[in-house]
Every structure is written in C-alpha cells, then in structure tokens.
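Q: for reference, the sequence and a predicted model appear below.
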Amino acid sequence: MGLRVVIIIGSTRSGRFGPTVAGWFAGHARRRPGLDVDLLDLAEAGLPDVLTDQDEPLPEPVRALAPRLAAADAFVVVAPEYNRGFPAPLKTALDWYYDEWRAKPVALVTYGRESGGLHAAAQLREVFGELHAVPIRDGVSLPCYWELFAADGSWPKPGATCDADAATTLDRLCWWARALRDARSAHPYTD
C-alpha cells in the first residue's frame, strides 16, 4: 500500500519562495514509486486567522481541509525563517488541527539567510512534538537559498547538496511513515 505525503507550503507572504522549494521537493517525492503527493498551499487554503473557542463550530475552510490532513501518512513542511522563527500563518494552521497530526512523521524543509531556517525548524519540532506528531531528524536546510540558482535561472543549480539532502529526508520520512502507520493500525494512538 502506498504512502500519502502532504507537502505544506508554510509561507503566505507576497513574493514568497516557498512554492519554488515545495515544487522542487514534490518533484523528488513524485519520482518515488508508491508515494501519493498532495501539495497544500496555505495561501490558497483560506484558513481564518482567528481561532474559534472549543464549543464553537469550525469554519468551513477548516472543515474542508481536515480530510486531506487526516488522510496523510506523513507531512513535509516547507517554511522560511522570519526573525528566527516560522511564519504566523503556519502556526495558525497547525493550531486549527490536532488529531490530524497525531502519531505521524513530519519532515522539515526550511530556508532563509545564513541559518537556512534552522531556528524555524527547531521551533517547529517543539510544536509538532506537542501535537503528538513525530518530527524526524533529517530534513533540508537551505542557507542563502538565492545563491543556489544557476546562471540560467534554474533552481537548484547542478551539484547542489540539497538534492542529496532531499533523498535522505525522503528515505527517513518513508521509513517512519510506514512504521507509524503500521503501529496506528495495530494499536490506535491515544493521549
């Protein structure tokens, strides 16, 4: 049985680089047999900025997105680093859901200036841990990502190490996705 991987574009900013990175990573994932890739752009999801109280009904965009997240065996979050953290719309999106993340692996693909998004990745690992998701160790960090363009404008330039990092990340993510899917099937996860 194949694995369903949801790749989330975590930036909604105008002029963002996230779709380029997510498209590149999705290309790597789609070349692997047995992976069903769902590319989710938070800029198109229409999730409200303000969370409801627990006894209030969920807004339609939140209800509409829930089945896509629930069907995932694994997640890849593509996020920039802004001011040593990750974007607020991504945090809001994470907070709208709970059960959808539980006992599923999450790979992080981050980008930014010299840190390559590692500060954002560290914060995301904490948040996903709190949501009972399993952030995996391996990921992709893209420091000074603008330097990875080739002279013809293609991205990434040939020989960039991020291609090897993507392959390793997908190897680990797939292993964890299968292991956790089997575990959830044998023993439903409860907190």
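A: Nice, I can see it.

Q: please count neighbours and contacts with C-alpha atoms only from this point.
A: Noted.

Q: middle-most residue in this structure, spatially?
A: Closest to where the C-alpha atoms of the chain average out (CA atoms, centre = their mean) is Val77, at 1.4 Å.

Q: so what's the model's average confidence on the helix or strand hosting that one?
A: If you go by DSSP states H and E, Val77 is part of strand 74-80. The average pLDDT for strand 74-80 rounds to 98.

Q: show me what that strand packs onto, helices and strands only.
A: Helices and strands touching strand 74-80, by 3 or more CA pairs under 8 Å, 6 or more residues apart in numbering; DSSP states H and E, are strand 3-9, helix 18-30, strand 105-112, helix 162-186.

Q: for the first one, what is the distance to the chain centroid?
A: In terms of CA atoms, centre = their mean, to the nearest Å, the centre of strand 3-9 is set 7 Å apart from its chain centre.

Q: columns mean pLDDT, mean neighbour count and distance to Pro67 on top of the helices and strands packed on strand 74-80, output as TSV?
A: Below are the helices and strands packed on strand 74-80 laid out as TSV (pLDDT from 0 to 100; neighbours: other CA atoms under 10 Å; distance: least, CA to CA, whole Å):
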stretch	mean pLDDT	mean neighbour count	distance to Pro67
strand 3-9	98	23	11
helix 18-30	96	18	20
strand 105-112	97	27	17
helix 162-186	96	17	17
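
Q: quick one: closest of those to Asp99.
A: helix 162-186 (12.4 Å; CA to CA).

Q: wait, what's in contact with Phe128?
A: Applying CA atoms under 8 Å, 6 or more residues apart in numbering, we find Phe128 in contact with 101, 106, 134-135.

Q: could you dump those residues to TSV with distance to Val50?
A: Shown next, in TSV, are the contacts of Phe128 (distance: CA to CA, whole Å):
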residue	distance to Val50
Trp101	20
Val106	25
Val134	26
Pro135	26
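
Q: so which of those belong to strands?
A: Here DSSP state E is the test, and those give 106, 134-135 as lying in strands.

Q: nearest to Asp49, of those residues?
A: For those, the nearest to Asp49 is Val106 (23.0 Å; CA to CA).

Q: so what's that closest one bridging to?
A: Beta-bridge pairing of Val106 under DSSP bridges involves Phe75, Pro135.

Q: quick one: closest of the helices and strands packed on strand 74-80 to Ala66.
A: strand 3-9 (12.0 Å).

Q: report the angle between that closest one and strand 105-112.
A: Interaxial angle, strand 3-9 versus strand 105-112 (axes from the mean of the first three to the mean of the last three CA atoms, to 10 degrees): 30 degrees.
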